[in-house]
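J.: predicted model and sequence follow; I will ask about them next.
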Amino acid sequence: MNWQLHTDAITHKAASRLHFLRILRKSNLKSHHLLHFYLTVIRPVLEYCSVVWHHGLTKAQSETLEAIQRRAFCIIYPPTIGMPYISQSCQLAFSS
């Protein structure tokens, strides 16, 4: 079973929602509000029914989904641009 069409669809849907996250960032919303938007609007798109399809993803498909999350972190926490992704994830865990 190939999940390419599915990953393309959810990547496109999540990427379009990143546009709204950028607009909120430009409106000078605080990071915790941006994080709330991400957790309620973008992340559910990426994780919906993932227990069914995630095990069947190729490495490239999985990395495509991770790229959306990395882009969101860079929008929410601009000082993390250039930091390794694991450091960004740790910062998120400690800031929540």
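T.: On my side now, so go ahead.
J.: C-alpha only now, for contacts and for neighbours.
T.: Will do.
J.: centroid-nearest residue for the protein?
T.: For the chain, the residue nearest the mean C-alpha position is Q69 (2.4 Å; Cα atoms, centre = their mean).
J.: and the end-to-end length of stretch 29-49?
T.: By Cα to Cα, to the nearest Å, the extent of stretch 29-49 from end to end equals 30 Å.
J.: contacts for it?
T.: With contact meaning Cα atoms under 8 Å, 6 or more residues apart in numbering, stretch 29-49 is reached by 10-11, 13-14, 17-18, 21, 24-25, 65, 72, 76-77.
J.: mark which of those are buried, thanks.
T.: Burial by neighbour count, 16 or more other Cα atoms under 10 Å: within the contacts of stretch 29-49 this picks out 10-11, 14, 17-18, 21, 24-25, 65, 72, 76-77.
J.: distance to L39, secondary structure and pLDDT for the residues you listed - can I get that in CSV?
T.: Shown next, in CSV, are those (distance: Cα to Cα, whole Å; DSSP: H, G, I helix; E, B strand; the rest coil; pLDDT from 0 to 100):
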residue, distance to L39, secondary structure, pLDDT
I10, 15, helix, 92
T11, 16, helix, 91
A14, 12, helix, 93
R17, 12, helix, 94
L18, 12, helix, 95
L21, 11, helix, 95
L24, 14, helix, 95
R25, 15, helix, 95
L65, 15, helix, 87
A72, 10, helix, 91
I76, 11, helix, 90
Y77, 14, coil, 84
